[in-house]
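> The sequence isn't on hand, but the structure is:
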């Protein structure tokens, strides 16, 4: 093939004399061409800036909506907990919305009655403590005077307290903190109302919610979603059942102790300890034990110490023996998994995570368990923790005896060259 130039013409058609040689590109043109921005670079920069802005906006929105999302999660698990009762009443011909209203009304009446009874008891005990405070102070002053041979008087103690800077600063801080406490109370009530409304809608419109969710999925996925929903209802109900059993055992145990010590309102205090310690995570145990200690202190200060010791011992028994066994039976998860899920839930979502960690992990484990293929385990002693010795291999005792009594073999000395 004949060589051609840039215009596609052959070398025979053109003469090197008629056509001038192409001029070499100058250094300025080469520098300008290399400094020119690629065409794809502006679009890539705009796309990168848009992705960064979208990520920042999404992160900001997520942090702003974290409280709402946690409330919705709590409401969802609350709706799962009351789902069996609502479905039972709806199967008897009652409208689902009205059935949900009756369940929430029953819960509200029970909580209001318990809080009213507990509040009246607590108010009476506080009045008794205030009335008997001078007698307690006199007994402490008499013990100090007899022990240390001092001349302390109650009038001097009262005047010192009334004119102390500590009391004045405490009063100022308490007055300034009233607004903060009021704001926290209003925020808690609004959060409770939000959770109740979402839980009511989830429970009352449960079938509609499931239909809406399944309408955007293929039939095979619909069956999986419905099975996961049923598993979540069963596991949440089992978890609440286990917490109820532990609350009953805890209430009876503390009632027996308080009744033996002669502490007033022992039945109410037993119910208080059982419910608060089981259904308020993280701080529920300490909050539940503080009130019986306070009431026991009004009877005898030594009784408060006994109550404290009993609360600590029972809490250890419940954490390491009672709770893992009940949780493993009712929710069907291993005690170590239950304990680890509570720790992980607390680290992720705080008290809310500790409350919903076990039913969430149990639901996930039961749902994924259907997709894990299992095989028959061979009948090997090592499966049961027994080591299988080889034929003719010495036992541990024989090897230790040989190691102790066998003399080291002396190495021959090297001959000098």
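Arrived safely, thanks for sending. Not measured: the values here are computed from a predicted model.
> Averaged pLDDT, whatever helix or strand residue 225 lives in. What do you get?
Using DSSP states H and E, residue 225 sits within helix 219-261. Averaged over helix 219-261, pLDDT sits at 85.
> Which strands or helices does it pack on?
Contacting helix 219-261 under the criterion 3 or more CB pairs under 8 Å, 6 or more residues apart in numbering; DSSP states H and E are the following elements: helix 66-91, helix 206-214, helix 266-279, helix 284-299, helix 301-317, helix 323-330, helix 351-369. Glycine gets a C-beta too; all of them are placed from N, C-alpha and C.
> between that helix and helix 323-330, how many degrees?
140 degrees (axes from the mean of the first three to the mean of the last three CA atoms, to 10 degrees).
> one step back: per-stretch mean pLDDT over the helices and strands packed on helix 219-261, give me the minimum one.
Looking at these, the bottom one is helix 323-330 with a mean of 73.
> Could you list which residues are in contact with the most centrally placed residue in the chain?
In the chain, the residue lying closest to the centroid (CA atoms, centre = their mean) is residue 353, at 2.1 Å. Applying CB atoms under 8 Å, 6 or more residues apart in numbering, we find residue 353 in contact with 344, 345, 346, 347.
> Distance of the second one relative to residue 339?
Spelled out, it's residue 345. Noted for residue 345: a distance of 11 Å to residue 339, by CB to CB, to the nearest Å.
> same thing with the last one?
Residue 347 sits at a distance of 13 Å from residue 339 (criterion: CB to CB).
> mind listing what's buried in stretch 69-81?
Neighbour counts over stretch 69-81 (16 or more other CB atoms under 10 Å) mark 70, 71, 73, 74, 75, 76, 77, 78, 79, 80, 81 as buried.
> wait, I meant stretch 80-88
80, 81, 82, 83, 85, 86, 87.
> now residue 250: how far from residue 326?
12 Å.
> what about these two, which has more around it?
residue 250 (25 against 22; other CB atoms under 10 Å).
> Low-confidence ranges, the stretch 1-150 of the chain, go.
The stretch 1-150 of the chain contains residues with pLDDT under 70 at 1-37.
> The stretch 1-150 of the chain: strands as residue ranges?
All residues of the stretch 1-150 of the chain lie outside strands when identified by DSSP state E, counting those that start in this stretch.
> quick one: the helices in it?
Using DSSP state H, counting those that start in this stretch, the helices of the stretch 1-150 of the chain run over residues 27-35, 40-64, 66-91, 96-148.
> tell me the most buried of those helices?
helix 66-91 (a mean of 17; mean count of other CB atoms under 10 Å).
> got the buried residues of stretch 69-81 as CSV, with distance to residue 131 columns?
As requested, the buried residues of stretch 69-81 are exported to CSV (distance: CB to CB, whole Å):
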residue, distance to residue 131
70, 44
71, 43
73, 47
74, 42
75, 44
76, 48
77, 45
78, 42
79, 47
80, 48
81, 43
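> that older thread, from the contacts of residue 353, pick the one nearest residue 293.
residue 346 (25.0 Å; CB to CB).
> Assumed residue 190 was part of a strand.
No: secondary structure of residue 190 (DSSP: H, G, I helix; E, B strand; the rest coil): helix, not part of a strand.
> How many neighbouring residues does it have?
Neighbour tally, residue 190, other CB under 10 Å: 11.
> And residue 342, by the same measure?
By the other CB under 10 Å criterion, the neighbourhood of residue 342 contains 21 residues.
> And it, how close does it get to residue 358?
For residue 342, the distance to residue 358 - CB to CB - is 7 Å.
> before we move on, the earlier item: tell me the angle the helix holding residue 225 makes with helix 301-317.
Using the same axes, to 10 degrees: helix 219-261 against helix 301-317 is 150 degrees.
> All further residue positions should be reported with the first residue as 50.
Renumbered: residue one is now 50, and that last one reads helix 268-310.
> where's helix 268-310 relative to the chain centroid, distance-wise?
From the chain centre to the centre of helix 268-310 is a distance of 16 Å (CA atoms, centre = their mean, to the nearest Å).
> Ok, stretch 390-403 next?
In terms of CA atoms, centre = their mean, the centre of stretch 390-403 is set 2 Å apart from its chain centre.
> Just the buried residues of that stretch, please?
Buried-residue list, stretch 390-403, by 16+ other CB under 10 Å: 390, 391, 394, 395, 398, 401, 402, 403.
> The one helix or strand the second one maps to - contacts with which helices or strands?
Following DSSP H and E, the helix or strand that holds residue 391 is helix 384-398. Applying 3+ CB pairs under 8 Å, 6+ apart, one finds that helix 384-398 makes contact with helix 372-379, helix 400-418.
> State the mean pLDDT of that helix.
For helix 384-398, mean pLDDT is 78.
> That helix versus helix 400-418: what angle between them?
Going by the same axes, to 10 degrees, helix 384-398 makes 130 degrees with helix 400-418.
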